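Participant: Need coordinates for the following:
(3 chains)
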Amino acid sequence: MKLAHLADLHLGFRQYDRQTPRGGNQREADVAEAFRRTVDDLLVQRPDLIVVAGDVFHSVRPTNPAILFLFQQLHRLRAGLTDAPIVVIAGNHDTPRSAETGTILKLYEALGVHVVADQARRISFPQLDCAVLAVPHQALMQAERPALRPERGAAHNILVLHGVLEDIIDPEWSVSDYGSARLTRADLAAAQWDYVALGGYHVLHDVAANAWYAGSLEYVNPRAWVQVREEASRNVPGKGYLLVDVPGAHTTFRPVAGARKHLDLPPIHGAGLTARQLDEQIAQRVAGSKPAIDDQVVRLIVYDVAAATARDLDHPAIRQYKARALNFHLDVRRPEPQRVVGVGAPGRRQTLPDTLREFLGRRPLDADLDRDEFVRLGVEYLDRVGGEGAEASA
Amino acid sequence: MIQTRDPEPIGRVVATELKPATPHQFHFWTANETTIGIGAIVRVEEPGPGKREGGRVVYGVVTDGFAYSDLATPLHDVVSAEGDPARAAESPSVRQEIRLWTAAVLRQQPEEPLQPVPLGAVYVASDADVAQALRMDAYVSGAQPSGIPVGLYTAAGLEAPVYLDADFLLGPEAAHLNISGVSGLATKTSAVEFLLASIFEHFPAHKGRVAALCFNVKGPDLCFLDRPGTLDDADRRRYERLGIVPQPFQRVRYYAPFKADGVNLNTLRTHPDLVGDVEPLVWGLSEVLDFAEVLLNRDDIDAKADAFIDFLSDRVLNKEFDDGFGGGHRVQTFADLDGLFRAIFDGLELSGRSDMWRTHHIATIRKVRNRLSNISTRCKGLVTDDGPSSDLPWGGFEDRTVYVVDVANVDPLGQDLVFARVVSKLREHLERRDLGVEAVVVFVDELNKYAPGDGPETYVRKMLLDISERGRYLGLVLFAAEQFRSQVHRRVVGNAGTTLFGRMDADELATPGYHVLSPAVKIKLATLPIGELMVRHPHFTQPIFVRFPRPAVLRGRDGVERFPPAADLSFEDAVVRQLARLDRRIRPNQVKDLIAERRPDDVRRALAAVRRTRPDDALAYFRRMLGARVAPATAPAREAVPPLNPISEEPY
Amino acid sequence: MPSSWVDAILAAGAVPASYVPDASAGRTDLEGFTGADGVEDDELRTYCVADARPLAPGAVAFLDGIEQWRVVGYGGVTPIVRGYVAAAVRRRGPDRRLRTAGEVSRELAITRLDALAEPLRRALAESGVAVVELAEEDAGQPTRAIQAARRELERARLAEERGLAERCLAELGPDEWLVVDGVLSDSAALSAHRRAIGVIKSHGAQYFEGAELERALTLPAGHRTSVFQPRSRGARRAIYSWYLRLWPWEGNDLLYGLLRVEAHADAATVARASALSAWLMRERSPLSTPDARWDRLLYPIHDVETYLRSRAPRDVLSHPASRLPRTGS
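Facilitator: The predicted structure is shown next:
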């Protein structure tokens, strides 16, 4: 059996003030386009079962184009893959906070899609000898969660759920950013399943050999740059969905090309540079971008630029870059404040914590003391004293 | 209280050129019929210029005794009896005999100048004399007394309390106690139980709080410390004389791992009336991995394996980890770890590259894997995949409380692990001064096994050495017992400030460590009755024999008879019992319905979560941890979707 | 073949012996033959005492004395001897242990006062010590003076012993006997008492000759002679006596293990001579080793002597290293 695992479509996601020729939000159209390309590929790959692990829509009340678009695409799938069941669960983005709000997802039951929006359901597909435990966001948020365990009776057991495994949260993303249900590995018991299809984490990620986050189909998070960096560090080949052979859980990543790229240009260290020099470097970075910045989402960080210098930058040029790119974010950062200790000392002046750190770092210690911990404690105490002093003088 | 002193001397010091009196030893004779014997304390008074008062007073303890007559050679006795032993008894006269005793000096007054013992009259020691002789006057009275009764000195019709100095028993001046004796008499265990009771009652207030942690390593010895045992009148009298209330320990906490089924406790304290207060002891992979060295160097010292374990702890455990063959791992459980091992072995085999993986040799990796999988299979009830669901109350140790960790039926490997981790944690918390008490007495029996003098260096032995040498500054005090003191590591016994001896094996007494003891003292040790001990303590210049009352707690053997261990419960019943212990409202059927057809692992995990969390409504929490069951429903038969008219307008 | 003649005489019937007489050490003062009258038999016979039922008194008191002396100074050539005499009675009751029942001791100075210078005489007088005067004829020559002093000392000892013995007799219970080391016949009271016996180890006086002497001196072990009455010499009282052999003499000398017993001169003594002998045979045990005279020295007498020696002033003896008790084995 071949299973397609999609997640985090976030249809209706809008970003940047850039419109399509028809007047819609360009990024919304990009996100839709990614899904369209996915459906194109699914019609070629012809999986036996399609699961969508939550956050189909970016919000509980999606835009009308998004509703229409999903209807259109699901119909394509249903008509093209008549025997392949489609199981869709609601994620934290498309789950209403109160029951009376209702969910638009139910609309797609009319197309024969299995929509699981509030309580967990275990759906048996006798023709596939397969049972899918579909656990929407809502089911994980109630006091008594469902037991995420397979039942006897089906040859193949698939778990579909939307939530975040505690131990893979990137520390830079605080949990509050998520609003997703939190899960432990013991909750999943991946070893008991043939495959666990996870949604809620936007970068392709394996949790176990047979448990994956498929990732989103587009960069649909305000912090796209964090995703870009994570993809680079883990060699993730971008956005797409997973094809899974069951049993065995052999996965194949099906990349889906995006409408445009996210370009994070090499940062500039502005310390000691004049506005002119900075202008030059910015121009160089823009010129050196591959592909060219036109119609792309672009970021350029410039460190250590004083406010006065920033005011003197060549703003017309910058406006020009902004016009070329879909979005051009010149991220000019102020120098980090440093407390100066000692007057007239040559070279870089050390802060008091630096001095202490350096001293504690070379002071002879008992062999069984952990130096790192020792230094950390020392600096912490100093901080505390400094804080008290500041309060007292304020 | 002023003691009226019996004015009659019982002997006289004699000294000859061959047997002179020295500053440390003297000889005296007594009447043939006398009340003193080996171990008796005597007082020698130097005849002063007046009749009695005057000179120096010397206290000594009898270490040897001699009897002989004026018979020139044994042959002469044969001759006089004409070779017939029966006739020897018919002699009209009995030969002149002598009772000559050797005593070792305990104390001289004045102490300076130190001189040979004067040839004076010998008196039986009184209560006050015993206190003087043992220098107990320095710490039993005064502004901050620190005397801990260890038993009664009993001789010549006198019973005098003997005290140890808490500063020398529990630190910081000296610390640790070692007790030797043949097995089977229960003297060692009884002595430690009694002494703990004594410490709890007499540990001086200015020294703070004290607790005891006992490893029960065999049988039911320490399983009933909170139950009263039988005492006779003599015992009660001794308790009164020692100023100790004869009662079982008021606060005892029991910890035992589970059996392999993960729900029945692995202890002999499983009688339904008692099992309720036995806390499970359950640890997870990271707790085990922190002390994995314990598992390694039972057989050999292996720095490579240590390094590999450190690598696992630091780089692999609970982290995203790339095995180098394209596999990602996040190791949280033993099963995960085994997955990683398999991936490494498969990867190395497939690549055919070499025997090395990240600078670790495959043999080392195999060894570590074997040991770790050993512990997870052989100590199934102790280690779980689910983290520490139940542990000792680190940081919350209570004053005058005994913590019994029952590892009697745990695999030796597991015993070592428990031992290493518990002691290390104690040390860690005492160093940080956040254990909850200022001093902990750790009782370990079977030191011959854990800290032998020879044999391979083990982690446990290293740790015992470490406590022995540095524990006294921390308040970590080792009370250790063994059968053969001579076969325990020198530095462990050498650092014990106080040493107790019960009845000793004759072969053991023949080893060099006992050469300082006289043959008579050895004989006494070899035949010492239950309830008597020989004590060495820094304040006592000579070993002293004391008698201690039976501990006021139920002996293990009797406990097992009075509270026979319950048969193992079925899985369901054990789960019911565990939950009911946390919440008395819970009915068995509610639990059984909940867990029917669940996987035991899931049930154990939910149970562990309940134990960890201690919710008000245990059953509800347990249900939540198990999760609601989702019944299967067959997908409704669906019509194929007919092609629809295209939507009039592309949305985007 | 230097010693073959010894073998030859043994082969010819001589009884083997091994004895270096005291005489070889210098002193020979064997008294001459005095003679005795048969009491039990006309001619001296031997009796085996093995079958006799030993007398078993309820308690026995043993009496012995010691004397010690040394020359402590000279006045001119006149020696001044310090003498010490003591006697004790040790009583043995049913518990078979010996306990001191009475003792006397006396220190005396023996010299010739008028041979001493005035200051010496005065010092002696002021010290309060009892002074025994030597005869004038003995005082002139130091060697003679010393011998005379010894005699005076012995006389003093005998007097103390006699006095103590007589006091002891007065307190003797009805089933109690007194055994004296030495002759009874010096004392009228001892000689007359029915439960006092004297045990004599030295055989200076000889009462027999010819076949009777041989019978007496070759008495087998465990045998006694007939009771006889020594012919009285001087002031000695009438007494009955007999020989008793404690240990086989063969291989030693004729006097080895040979005791002469003295007892009250009456028919009862004759009747119980064997019972008394059997009792004394039992007193062989325990041996009074390491005393060299153990073959004849009864253990209780040895005990009294040991007691007295341990009580004697240390500085009278020339050998202060008398170790008591001996720790030989």
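Participant: Only C-alpha atoms from now on, for both contacts and neighbour counts.
Facilitator: Noted.
Participant: Helix, strand, or coil at the spatially most central residue of chain B?
Facilitator: The centre of chain B sits closest to B:Phe443, judged by CA atoms, centre = their mean, with a distance of 1.8 Å. B:Phe443 falls in the strand class when you classify it by DSSP: H, G, I helix; E, B strand; the rest coil.
Participant: in the stretch 301-450 of chain B, which spans are helices?
Facilitator: B:303-311, B:334-351, B:362-378, B:412-432, B:447-450 (DSSP state H, counting those that start in this stretch).
Participant: Show me the chain divided up by domain.
Facilitator: Unless you meant another one, I'm taking chain A. A:2-255, A:262-332, A:352-393 (automatic domain parsing).
Participant: Chain B was what I was after
Facilitator: According to automatic domain parsing, the domains of chain B span B:11-72+B:95-133, B:159-281+B:390-560, B:286-378, B:569-626.
Participant: wait, which of the ones you listed is closest to chain C?
Facilitator: Among those, the nearest to chain C by CA to the nearest CA is domain B:11-72+B:95-133 (5.6 Å).
Participant: Contacts (any at all) between chain C and the closest one?
Facilitator: Yes: judged by CA under 8 Å from any CA of the partner chain, domain B:11-72+B:95-133 comes into contact with chain C at B:69-72, B:95-96.
Participant: Please list which of the residues you listed also come close to chain A.
Facilitator: Among the residues of domain B:11-72+B:95-133 next to chain C, not one lies near chain A by CA under 8 Å from any CA.
Participant: The residues you listed in strands, which ones?
Facilitator: B:Ser69 (DSSP state E).
Participant: Out of the residues of domain B:11-72+B:95-133 next to chain C, which comes closest to B:Lys218?
Facilitator: Nearest to B:Lys218 among the residues of domain B:11-72+B:95-133 next to chain C: B:Ser69, at 51.1 Å, using CA to CA.
Participant: What pLDDT does the model give the closest one?
Facilitator: Per-residue confidence (pLDDT) for B:Ser69: 91.
Participant: quick one: contacts for the residue lying closest to B:Arg330 once chain neighbours are set aside?
Facilitator: Nearest non-adjacent residue to B:Arg330, counting by CA to CA, 6 or more residues apart in numbering or on different chains: B:Glu320, 5.0 Å away. Contact analysis of B:Glu320 by CA atoms under 8 Å, 6 or more residues apart in numbering or on different chains lists B:328-330.
Participant: how many other residues sit next to the closest residue to chain B within the stretch 151-300 of chain C?
Facilitator: Residue of the stretch 151-300 of chain C nearest chain B, by CA to the nearest CA: C:Ser285 (4.7 Å). C:Ser285 has 27 neighbours, counted by other CA atoms under 10 Å in any protein chain shown.
Participant: coming back round to it: give me whichever of the domains of chain B is most buried.
Facilitator: For these, the largest average neighbour count (mean count of other CA atoms under 10 Å in any protein chain shown) is found in domain B:159-281+B:390-560, namely a mean of 20.
Participant: any low-confidence regions in the chain?
Facilitator: Assuming you mean chain A. For chain A, the stretches flagged by pLDDT under 70 are A:169-178, A:337-351, A:367-368, A:383-394.
Participant: You answered for a different chain; I wanted chain B.
Facilitator: In chain B (pLDDT under 70), the answer is B:1-7, B:48-54, B:296-302, B:353, B:386-389, B:639.
Participant: Spell out which residues of it are next to chain C.
Facilitator: Chain B has residues B:69-74, B:76-77, B:79-81, B:88, B:91-96 near chain C, with proximity defined as CA under 8 Å from any CA.
Participant: repeat that for 7 Å
Facilitator: B:70-73, B:76-77, B:80-81, B:91-94 (CA under 7 Å from any CA of the partner chain).
Participant: could you show me where the helices are in chain C, in order?
Facilitator: Shown for chain C, the helices assigned by DSSP state H span residues C:4-11, C:118-127, C:136-139, C:142-171, C:188-192, C:210-217, C:267-271, C:273-282, C:299-311.
Participant: Of those helices, which stretch is the most buried?
Facilitator: Ranked by mean neighbour count, these are led by helix C:273-282 with a mean of 23 (mean count of other CA under 10 Å).
Participant: quick revisit: distance to A:Arg260 added to the domains of chain B, as CSV?
Facilitator: What follows is those, written out as CSV (distance: least, CA to CA, whole Å):
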stretch, distance to A:Arg260
domain B:11-72+B:95-133, 94
domain B:159-281+B:390-560, 53
domain B:286-378, 30
domain B:569-626, 45
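Participant: Which among these is found nearest to C:Pro313?
Facilitator: Comparing the domains of chain B by CA to CA, domain B:11-72+B:95-133 comes nearest, at 17.4 Å.
Participant: Report the separation between the two terminal residues of that closest one.
Facilitator: 18 Å (CA to CA, to the nearest Å).
Participant: what does stretch B:239-252 give?
Facilitator: End to end - CA to CA - stretch B:239-252 spans 21 Å.
Participant: Then stretch A:269-280?
Facilitator: 13 Å.
Participant: Please report the distance of A:Pro65 from B:Ala635.
Facilitator: 30 Å.
Participant: of the two, who's got more company?
Facilitator: More crowded of A:Pro65 and B:Ala635, by other CA under 10 Å: A:Pro65, with 19 against 15.
Participant: just checking, that one touches B:Glu650?
Facilitator: No: at 8.5 Å, A:Pro65 does not count as touching B:Glu650 under the criterion of CA atoms under 7 Å.
Participant: on that earlier part again, nearest to C:Ser202, out of the domains of chain B?
Facilitator: domain B:11-72+B:95-133 (23.5 Å).
Participant: Now do that closest one: distance to the chain's middle.
Facilitator: Offset of domain B:11-72+B:95-133 from its chain centre (CA atoms, centre = their mean, to the nearest Å): 39 Å.
Participant: If we ignore the residues flanking it in sequence, what's nearest the residue nearest the centre of chain A?
Facilitator: Ranked by distance to the mean C-alpha position of chain A (CA atoms, centre = their mean), the top residue is A:His202 at 3.7 Å. Distance criterion CA to CA, 6+ apart; nearest residue to A:His202, sequence neighbours excluded, is A:Gly215 at 4.0 Å.
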